[in-house]
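In: how does the following fold in three dimensions:
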Amino acid sequence: MKFKHIKTRLAVTMSILAIIMLMSAGTVLAYLYSEEMLSSMYTITDQNLQLTNKVLEEKLDDVYGLFDTLQNDEVLQQWVNVRPESDLETFEKMRGISTLLREYAYADIGIMSIFLLDEVGQVQDPLYITEPYSNIVDSYDDLNKYKNEKSTSRFSGVSHFPSKLEAEPGDKSTITYFDTYLSKSDYSNKGTILITSRVDHFFQEFKAEAKSKFDSVIIVDDMNRPILQYGEEYPLDRVLDAVEDIQKTNGIVNFDKNSYYYNLRQLDSYPDWTVVGIVSYDKFRTDINTIWDLLLIILLGSIVIIVLTALFVSNKITVPILALGQAMKQVSQGEWPEPIHTETEDELKDLIDGFNDMVDEQQELIDRIYEEEEKKKKLEVSAVQMKLDLLQSQINPHFIHNTLNAIQYTIMSDRIEDAGKMLKAFNMLLRASMSHDNDFITIREELDCLTSYAEIQKIRYDNIFEMELDVDSTLLSVKIPKLLLQPIVENAIFHGIVPKGVSGTVTVKIKENLNNIDIEISDDGVGMKEMEAQMLVDTVEKTYKGSFNRISFKNINNRLLLAYGNEKGLQINSVAGQGTVISFTISRTKR
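Out: Now for the predicted structure:
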């Protein structure tokens, strides 16, 4: 059969090839996957059993650790080494030991009780030497077996010790660890420690771990006694028969015409216990059969999808060409077209990507021209605004009035020397403020102005602050924007030191840092919150009413940005109750 249109021929050819490849690959992969799942099942269950055992061994280590703590307890060592000479002393020894061991038991919610039996088997607890409690200890089979075996340490089977003398078969809620207690002085045998744990707490984390990995988990001891069976209730005798063949660590057993895979492993820290993990083998085989059924459904659905997709893709090949022609027409009419998208990876894609890049570059170039024009206008406006701000920053009439009043007061108080200092400093400030012929002055000139200002304020406020200068002498000739430091120092005095109510210090540091100059003004005043610190820069007017000038922090920040670039600016760090540090960095440029 011949097809006239190339897109039809392409769609049919693609469909046939894709179907053949998909069916072949799917069949091979499904077979390999099912075989790999069967072979890896043994490894996975073994790893899961290791992880599950690790949780249980951590719990055993906790019990071992508790015993080591008791072994090294100095008070307990003193009690066990006491040799009573009377019944009263014997009773006191029992009471001391039992009280101490109860404190250890109460400290751990999972511990039911802790007892010490002396070297002759007498329990060291005043309560359990009387009936009926003494019968509970005497009739404890696991304890008697432990004594007869003369082993050093061992875990019991599950029991009801030490709560009841007799109980129902299912009423077994405790498990006990036995170990020999030695004297640290001569390593002599001082008896046996019994640490009894609650089964539900002892195996709680183990059960949670086992639940996510196995259908059923069984723990048996070296006498094939079940310690714990959790999960599905499989026939215990069949499992125990499998466990008896200890060399065979895994295999398949049949319960009621169902197959189960088991894996067993002894605990490293307590080899007397063997953990058996069981999973459904039939369910696993059923899952593999389900995979084959699912593969068949996927193949049938994929055939339909492949045919439709091939027709769709072949038809879509012509769409980018039409879109390219439409976009070129828009450009010729002076419009910016939307980017053209294509799913192909051929020469057509290169052509479309090149067209998109050309349109983007032209649009970006035009946008950059507009942006630079706008930026240039903003810089010109900012420069004019800075000039106006400096012209408006002439000395504040309030400051003149307050200073003259202060001079008058010092003269009337016969403080002629202080009045002379204030007049001299005031004169220097007037000259600095009224000089507008240069926007930049040297650091030496700025510091002279700053020193004059500080001299006036110290006399006015009766030396409520001290100003310290830490300046590299090599930087004195470097020029910086005029009136850059004085407003910051003024803020430190009036908003930091004065509200403090006691004397403080304002420190000005100017240090060289490679090709830059780091400037820092700090005070030990009242400080401020983070939001208040940010407002100093964001607010247009944040100045003291009687200030020397009306230059705000926003004005200073804008002048720094205008003079030294957008990456520079004021940095304010303040802690309420501790003080404020205002810093900035400028380029070392001589003007």
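
In: what is the mean pLDDT for the helix or strand that contains Ile16?
Out: For Ile16, the enclosing helix or strand under DSSP states H and E is helix 6-71. On average, the pLDDT along helix 6-71 is 79.

In: next structured bit after it?
Out: Following helix 6-71 in sequence, per DSSP H and E, is helix 74-80.

In: tell me which residues are up against that following helix.
Out: Identification of contacts with helix 74-80 by CB atoms under 8 Å, 6 or more residues apart in numbering yields 70, 93, 96-97, 100-101, 116, 118, 181, 183-185, 190-191. Every C-beta, even on glycine, is put in place using the N, C-alpha and C of the backbone.

In: now do the phi/psi pair for the nearest residue to Ile129 once chain neighbours are set aside.
Out: Nearest non-adjacent residue to Ile129, counting by CB to CB, 6 or more residues apart in numbering: Val123, 6.2 Å away. Taking degrees, to the nearest 10, you get phi -70, psi 130 for the backbone angles of Val123.

In: same check, this time on Asp215
Out: Residue torsions, per degrees, to the nearest 10, at Asp215 are phi -70, psi -30.

In: could you measure from it over to Met358?
Out: For Asp215, the distance to Met358 equals 66 Å [CB to CB, to the nearest Å].

In: residues contacting the most centrally placed residue in the chain?
Out: The geometric centre of the chain, computed from its C-alpha atoms, lies nearest to Glu530 (CA atoms, centre = their mean), at 24.7 Å. If you count contacts by CB under 8 Å, 6+ apart, Glu530 has them with Ser574.

In: where do the strands sit along the stretch 51-200 of the chain?
Out: 111-117, 153-155, 174-182, 189-198 (DSSP state E, counting those that start in this stretch).

In: quick one: strands adjacent to the shortest one?
Out: The strands that strand 153-155 pairs with in its sheet are strand 174-182 (antiparallel) (by DSSP bridges).

In: which residues are contacting the partner strand?
Out: By CB under 8 Å, 6+ apart, strand 174-182 touches 63, 67, 70-71, 80, 112, 116, 142-143, 146, 151-163, 188-199, 202, 227.

In: list only buried entries from those.
Out: Taking 16 or more other CB atoms under 10 Å as the criterion, what is buried in those is 63, 67, 70-71, 80, 112, 116, 142-143, 146, 153-162, 190-199, 202, 227.

In: can you report how many residues lie near Val123?
Out: The number of residues packed near Val123 is 25, by other CB atoms under 10 Å.

In: show me what contacts it?
Out: Val123 is in contact with 115-117, 129, 134, 137, counting by CB under 8 Å, 6+ apart.

In: report pLDDT for Val199.
Out: At Val199, pLDDT is 91.

In: got the buried residues for stretch 254-263?
Out: Applying 16+ other CB under 10 Å to stretch 254-263 flags 260-263 as buried.

In: sorry, back to before: just want the angle from the helix holding Ile16 to strand 111-117.
Out: If you take axes from the mean of the first three to the mean of the last three CA atoms, to 10 degrees, helix 6-71 sits at 40 degrees to strand 111-117.

In: enumerate every residue touching Ser183.
Out: Ser183 makes contact with 77, 80-81, 190, according to CB under 8 Å, 6+ apart.

In: measure it to Leu76 for me?
Out: Taking CB to CB as the criterion, Ser183 is separated from Leu76 by 11 Å.

In: the helix or strand that contains Glu209 packs against which elements?
Out: Secondary structure from DSSP H and E places Glu209 in helix 204-211. For helix 204-211, the elements it packs on are helix 6-71, strand 216-220, strand 226-231, judged by 3 or more CB pairs under 8 Å, 6 or more residues apart in numbering; DSSP states H and E.

In: pull out the buried positions in that helix.
Out: By 16+ other CB under 10 Å, the buried positions in helix 204-211 come out as 206-207, 209-210.

In: same thing with stretch 112-126?
Out: In stretch 112-126, counting by 16+ other CB under 10 Å, buried: 112-118, 122-126.

In: export those to a markdown table and tack on pLDDT and distance to Glu338?
Out: Shown next, in a markdown table, are the buried residues of stretch 112-126 (pLDDT from 0 to 100; distance: CB to CB, whole Å):
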| residue | pLDDT | distance to Glu338 |
| --- | --- | --- |
| Met112 | 91 | 75 |
| Ser113 | 93 | 79 |
| Ile114 | 95 | 79 |
| Phe115 | 95 | 84 |
| Leu116 | 95 | 86 |
| Leu117 | 93 | 88 |
| Asp118 | 91 | 92 |
| Gln122 | 91 | 94 |
| Val123 | 93 | 89 |
| Gln124 | 93 | 89 |
| Asp125 | 92 | 88 |
| Pro126 | 91 | 92 |
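
In: between these, which sits nearest Val489?
Out: For these, the residue nearest Val489 by CB to CB is Ile114; the value is 71.1 Å.

In: and the closest one, what does it touch?
Out: Counted by CB under 8 Å, 6+ apart, Ile114 has contacts 70, 101-102, 104-105, 193-196.

In: one more time with 10 Å
Out: When contacts are counted by CB atoms under 10 Å, 6 or more residues apart in numbering, Ile114 is found next to 66-67, 70, 97-98, 100-106, 108, 125, 176-177, 193-197.

In: which residue sits closest to it, ignoring its sequence neighbours?
Out: Ile114 sits nearest to Leu101 (CB to CB, 6+ apart), 4.2 Å away.

In: can you tell me how far that neighbour sits from Asp62?
Out: Counting by CB to CB, the gap from Leu101 to Asp62 is 17 Å.

In: quick one, which of the two is more surrounded?
Out: Using other CB under 10 Å, the more surrounded residue of Leu101 and Asp62 is Leu101, with 24 against 15.

In: gap between that one and Phe426?
Out: 85 Å.

In: what do you get for Val63?
Out: From Val63 to Phe426 the distance is 85 Å (CB to CB).

In: could you do Leu182 as well?
Out: Distance check for Leu182 against Phe426: by CB to CB, it reads 90 Å.

In: which of those two has more neighbours?
Out: Taking other CB under 10 Å, Leu182 and Phe426 do not tie; Phe426 has more neighbours (21 against 16).
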